[in-house]
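Asker: Take this sequence and fold it.
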Amino acid sequence: MLPLLLVTVVAVRHRLVLAEGFGHLATARWPWLLAAACATCLTWVAAACTRQGAVVERLPRRRLLATQFAAGAANHLLPTGLGASAVNLRFMAVCGLPLARSSAALALYLLAESVGRLALLGALLIAFPDALRLGTLLPEGVVGPLLIVAGAVPFVAAGVLALAPRLRATLASFLRTALGEARSVHALPARALALWGGALAFPALQTAVLVLVGESLGLPVPAAHMAVAYLAATVAVALVPTPGGIGSVEAALVVALVAAGGPAAVATAVVLAFRLMTVWLPLLPGALTLAALVRMKVI
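Answerer: Next up is the predicted model:
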């Protein structure tokens, strides 16, 4: 019952967003929304492929796919991807993988997904260098502090490791396990293809959902520019510890679409409809699936 209670709390707190999103969907062109719904469903297939590609053992396909659907709901209830990570760690443990190897597989998945998203964004920026006016996305005076913080992080991490030998030993052991798992996975062409193909397909499908929703609501921004705006916004908010990016993703997407040349009102409508389709509508069935998988001891 806890997932259902959390879904209810989140929905009540954001009831105005939900109501406004439903209102905008009523004016959308439904063929585009149907295509966006199909692309949303395919994101769970892409996530399942990437998860399978991160481990050598064959995972049960139907349970793996159901777990990714449930993990999406859990991801919107806990910050910074902790929900999905916890669900997948438990699933791999039930499948018989030791904690060290399942943790290494999770790290490999996160690395591949990040590389795939950045690679897709880089390719689009090279192909469409004028797609996004990046200067409008950052407030004045924020670049300097960001660079200072980014430069200080490696030194702080090195200092912590130097002062904590047990932590250093634990990290070294984990890295050995992770590297060994990565070598084993890449020794199998099918696993490597699933890992990197899924890692590229997942952000590409998410981007396609936003583009299709934008077309349904008549956003006057080229599809490639919408894709760049989405990828840039999601990369920018990746470190914001909010459940499922709720709040931060909406704000960043609106700013990015406006920076790409869209009117503020239409961009807001597109983001609301996009988040309604990718977050709010799957949330309740995802929570029910999560509860069912727990009762069935799949996770």
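Asker: which residue sits closest to residue 230, ignoring its sequence neighbours?
Answerer: Of all residues not flanking residue 230 in the chain, residue 210 sits nearest, at 4.6 Å (Cβ to Cβ, 6 or more residues apart in numbering). Placement of C-beta: from N, CA and C, glycine included.
Asker: What's the separation between the one you found and residue 257?
Answerer: Relative to residue 257, residue 210 is positioned 9 Å away (Cβ to Cβ, to the nearest Å).
Asker: again, but for residue 152
Answerer: Taking Cβ to Cβ, one finds residue 152 at 32 Å from residue 257.
Asker: Neighbour count: those two, which is higher?
Answerer: A direct count of neighbours by other Cβ atoms under 10 Å for residue 152 and residue 257 places residue 257 higher, at 28 against 10.
Asker: dump the residue contacts of that one.
Answerer: Applying Cβ atoms under 8 Å, 6 or more residues apart in numbering, we find residue 257 in contact with 214, 219, 221, 226, 229, 267, 270, 271.
Asker: related to what we said a few turns ago, just confirm the residue nearest to residue 230 is within a helix.
Answerer: Yes. The assignment for residue 210 by DSSP: H, G, I helix; E, B strand; the rest coil puts it in a helix.
Asker: That one: how many residues sit nearby?
Answerer: A count of nearby residues for residue 210, using other Cβ under 10 Å, gives 29.
Asker: list the contacts for it?
Answerer: Counting by Cβ under 8 Å, 6+ apart, residue 210 makes contact with 226, 227, 230, 253, 270, 274.
Asker: I figured the fifth one was touching residue 211, is that so?
Answerer: Translated: residue 270. No. Using Cβ atoms under 8 Å, residue 270 is not in contact with residue 211; the gap is 9.7 Å.
Asker: for the stretch 1-150 of the chain, which spans come out with low pLDDT?
Answerer: Applying pLDDT under 70 to the stretch 1-150 of the chain picks out residues 1-8, 10-11, 14, 17-25, 77-81, 133-147, 149-150.
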